[in-house]
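>>> Quick one, what's the 3D model for this:
(one chain, ligands or ions: 2)
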Amino acid sequence: MLNIVIFGAPGSGKGTQSERIVNKYALNHISTGDVLRAEIKNGTELGKTAKGYIDQGQLIPDALMIDILASVFDSFKDSKGVIFDGFPRTIAQADALKNMLAERGQDVSIMLDLEVPEEELMTRLIKRGQDSGRADDNEETIKKRLHVYHSQTSPLIDWYKQEGKYHHINGLGTMDGIFAEICEAIDSL
Ligand code: AP5
Ligand code: MG
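Ligands and ions are numbered 1, 2, ... in the order given. I've put the predicted structure just below:
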């Protein structure tokens, strides 16, 4: 199985590129952000809990997130592989993913780190906030999300380097150009 972690700061293009990867390689896609937004939309208990964190730009507690991830993963049947978008976001989540895959005789194949300068992230997310109105795409919350990314999530870059899974992708440029670079990395596996 091809298990791909797509990684990067808020607005780096994880969702955009995941969609393309899913279509080309026929993988299943887990976006933890999308899972949580669907729960909020459906007004579930989980959604109510998640909303409090998302609106503040904070991460949902690891234990809760790890349970959700395992249950979505196990819902895929005869999967050729999975793209993990927005997970892991903490060292604890990376450990949990590694263990969960190992228990199922699998491993992360590659971690793709989409690197994008901070001004560009801000511009993209402000624009999306104006166009489609994701509740956390306002300047104040974006700043909090970026802070959380730097303090809690970016340490995963070194973690995946140590695992020998890290692959840098220049996330600035056209969506097609970035996708071509991603395909090259996947095809070289
Ligand atoms: P999540 O939904 O994962 O949001 P995020 O990480 O903040 O990232 P985004 O989805 O905003 O950006 P993206 O990288 O997917 O970029 P996109 O392709 O959309 O998480 C939201 C919240 O949920 C978190 O803050 C947290 O509270 C919670 N959460 C989720 N997972 C969690 C976890 N594992 N643990 C704990 N809490 C968790 O692109 C962004 C915009 O840029 C789009 O408008 C797009 O059209 C545009 N764009 C994309 N590529 C380009 C390009 N090359 N050039 C120009 N524009 C581009
Ligand atoms: Mg996304």
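>>> Please name the residues that touch Gly15.
Residues near Gly15 by CB atoms under 8 Å, 6 or more residues apart in numbering: Ser31, Gly33, Asp34, Asp85. All C-beta atoms are positioned from the backbone trio N, CA, C, and that covers glycine.
>>> of these, closest to Leu114?
Closest approach to Leu114 among the contacts of Gly15 (CB to CB): Asp85, at 10.6 Å.
>>> I'd like to know how far the closest one sits from ligand 2.
Taking CB to the ion, to the nearest Å as the measure, Asp85 falls 6 Å from ligand 2.
>>> same question, Gln17
Counting by CB to the ion, the gap from Gln17 to ligand 2 is 10 Å.
>>> tell me the phi and psi of Ile30?
phi -120, psi 110 (degrees, to the nearest 10).
>>> Do I have it right that Val22 meets Val82?
No. In this structure Val22 lies outside contact range of Val82 using CB atoms under 8 Å: 9.6 Å.
>>> what is in contact with those two at once?
In contact with both Val22 and Val82: Asn28, His29, using CB under 8 Å, 6+ apart.
>>> Which ones among the contacts of Gly15 lie within strands?
Residues of these located in strands (DSSP state E): Ser31, Asp85.
>>> top of the contacts of Gly15 by neighbour count?
Asp85 (24 neighbours; other CB atoms under 10 Å).
>>> Any idea which residue of this structure lies closest to ligand 2?
Distance from ligand 2 to each residue of the chain (CB to the ion) is smallest for Gly15, at 3.3 Å.
>>> so does the helix or strand harbouring that residue get close to ligand 1?
Using DSSP states H and E, Gly15 falls within helix 14-25. Yes. Judged by CB under 6 Å from any ligand atom, helix 14-25 and ligand 1 are in contact via Lys14, Gly15, Thr16.
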